[in-house]
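Participant: sequence below, structure please.
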Amino acid sequence: MRPAEERALKDLEVGRVEASGVAFTVEDGLAVVRQVEAGTLTLWGSAPAFHVRAVSSAGANETWTVVVRNAMPDAELTVKVGDEPLLVDALPGPLPTVKRWQVRLPAGAEARLTVAPPLWDQPRPFRFAALADVQEALPRVGDIYQRINADPTLRFIFFSGDLTQRGTIEQLEEFQSRLQESRIPLFATLGNHELLNPDPRFHEYFGRGNLHFTFQGAHFTMIDSGNGSLDPRAEVELDRWLEAGRDSVHILGTHIPLVDPIGVRNGAFASRNEAASLLAKLARARLDLTLYGHVHSYYVFSNAGIPAFISGGGGAIPEQFDGVGRHFLAVEVDPPAQSVRTVSLVRVD
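Facilitator: From the prediction side, this is the model:
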């Protein structure tokens, strides 16, 4: 009756680890702990900015190298114990999206680490790319990243599911490897194809399926609709996120559209009643934009008065004769004006 419940519970465990006498907790689960050993903590970022609490016991290891993969190219690390900042040494990284720092975390103290670009919490206009549905086109997704790289104003990729064809470990590893061709990070939720594997591993690689973050005054929410539904636990979180973003620019991304504007290809939530209930919530919260995948084409419509875009142009088998081909969206937001300025179709083929 609740096919997404196990994944909603997994969300709660993302970003937690204890090693060498230090308990690390990524606030709101906005990064995945990839590895921790010998004084090195390696994270995979799921948002442009996030915080980590580090609670050290007496006699704990004090010198730590913090590695963040899938980071903003201009991300910095700041660390405080209470109001006192700690010295952080920046180390070279192999890619623009891999950041490395060294810091001493005093034993017996609690520190708060912040990984973020400068002025990340100051409202200002910016642009990002929206993408979905790569699936079996993984070997040639580099063409899309090259096109994104050619636009230096795009800050990150907002990905609405179906990274892979079947969600196997090998395919998730390949998606991660191909992403090295991108100069900017990619923040994703999962799609139905990640669930074709009987042992889904999305959370271990890319983090929560339901998440919320802010960047430069705009709110971003992703919900896990891989089963054509939203788990009740996730809906409780959605209520809280909608309230937080009520008076700001707020953008929601999910894989399966709440409603299908053309009524074909089984391209909407499984329950019309659930979709209507969710859309009513989004409308009451004055959501500014919904971004969907799943349907391998490009559609522009309105759901409950909210601008909606279906963009499944990552390379999966396209709809016949639509003439769109591979594509992504370039979205310009203006948080000071509380508006989404433009959503532009960028063709790759």
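
Participant: quick check, pLDDT for Arg140.
Facilitator: As predicted, Arg140 sits at a pLDDT of 95.

Participant: hmm, I was thinking of Gly323
Facilitator: 88.

Participant: in the stretch 1-150 of the chain, which spans are strands?
Facilitator: Counting by DSSP state E, counting those that start in this stretch, the segments of the stretch 1-150 of the chain that form strands are 16-19, 22-26, 31-37, 40-45, 50-56, 63-69, 76-81, 84-85, 88-91, 98-104, 110-116, 126-131.

Participant: need these in a markdown table with mean neighbour count and distance to Phe158, can you?
Facilitator: From N, CA and C alone the C-beta is placed, and that goes for glycine too. Shown next, in a markdown table, are those (neighbours: other CB atoms under 10 Å; distance: least, CB to CB, whole Å):
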| stretch | mean neighbour count | distance to Phe158 |
| --- | --- | --- |
| strand 16-19 | 14 | 25 |
| strand 22-26 | 20 | 20 |
| strand 31-37 | 18 | 17 |
| strand 40-45 | 22 | 14 |
| strand 50-56 | 19 | 16 |
| strand 63-69 | 20 | 18 |
| strand 76-81 | 17 | 22 |
| strand 84-85 | 10 | 32 |
| strand 88-91 | 12 | 27 |
| strand 98-104 | 19 | 20 |
| strand 110-116 | 20 | 17 |
| strand 126-131 | 22 | 5 |
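
Participant: now the ones you listed as JSON lines including mean pLDDT?
Facilitator: What follows is these, written out as JSON lines (pLDDT from 0 to 100):
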{"stretch": "strand 16-19", "mean pLDDT": "96"}
{"stretch": "strand 22-26", "mean pLDDT": "98"}
{"stretch": "strand 31-37", "mean pLDDT": "96"}
{"stretch": "strand 40-45", "mean pLDDT": "98"}
{"stretch": "strand 50-56", "mean pLDDT": "98"}
{"stretch": "strand 63-69", "mean pLDDT": "98"}
{"stretch": "strand 76-81", "mean pLDDT": "98"}
{"stretch": "strand 84-85", "mean pLDDT": "98"}
{"stretch": "strand 88-91", "mean pLDDT": "98"}
{"stretch": "strand 98-104", "mean pLDDT": "98"}
{"stretch": "strand 110-116", "mean pLDDT": "98"}
{"stretch": "strand 126-131", "mean pLDDT": "98"}
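
Participant: kindly reformat the ones you listed as a markdown table containing distance to Gln216.
Facilitator: Below are the strands of the stretch 1-150 of the chain laid out as a markdown table (distance: least, CB to CB, whole Å):
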| stretch | distance to Gln216 |
| --- | --- |
| strand 16-19 | 28 |
| strand 22-26 | 21 |
| strand 31-37 | 19 |
| strand 40-45 | 16 |
| strand 50-56 | 15 |
| strand 63-69 | 19 |
| strand 76-81 | 15 |
| strand 84-85 | 23 |
| strand 88-91 | 22 |
| strand 98-104 | 19 |
| strand 110-116 | 11 |
| strand 126-131 | 5 |
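
Participant: which among the ones you listed is found nearest to Arg147?
Facilitator: In terms of CB to CB, the element of these nearest to Arg147 is strand 126-131, at 9.2 Å.

Participant: what lines up beside the closest one in the sheet?
Facilitator: strand 154-160 (parallel), strand 327-334 (antiparallel) (DSSP bridges).

Participant: quick one: low-confidence residue ranges for the chain.
Facilitator: Judged by pLDDT under 70, the chain has its weakly predicted residues at 264-265.

Participant: give me the domain ranges for the protein.
Facilitator: Domain assignment for the chain, taken from automatic domain parsing, gives 5-116, 126-347.

Participant: how about stretch 73-90 as PDB, C-alpha atoms only?
Facilitator: Below are the C-alpha coordinates for stretch 73-90, written out as PDB (Å, rounded to 0.1, in the frame of the first residue of the first chain):
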ATOM      1  CA  PRO A  73      33.100  25.000  -8.200                       C
ATOM      2  CA  ASP A  74      33.400  28.000  -5.900                       C
ATOM      3  CA  ALA A  75      32.500  26.200  -2.700                       C
ATOM      4  CA  GLU A  76      34.400  27.100   0.500                       C
ATOM      5  CA  LEU A  77      34.500  25.300   3.900                       C
ATOM      6  CA  THR A  78      34.000  27.300   7.000                       C
ATOM      7  CA  VAL A  79      34.100  25.700  10.500                       C
ATOM      8  CA  LYS A  80      33.000  27.100  13.800                       C
ATOM      9  CA  VAL A  81      33.000  25.800  17.400                       C
ATOM     10  CA  GLY A  82      30.300  28.000  18.900                       C
ATOM     11  CA  ASP A  83      31.100  31.500  17.500                       C
ATOM     12  CA  GLU A  84      34.800  30.800  17.100                       C
ATOM     13  CA  PRO A  85      36.000  30.100  13.600                       C
ATOM     14  CA  LEU A  86      38.600  27.400  13.100                       C
ATOM     15  CA  LEU A  87      41.500  27.500  10.600                       C
ATOM     16  CA  VAL A  88      40.800  25.700   7.400                       C
ATOM     17  CA  ASP A  89      43.500  24.800   4.800                       C
ATOM     18  CA  ALA A  90      42.300  24.400   1.200                       C
END
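
Participant: all set now, cheers.
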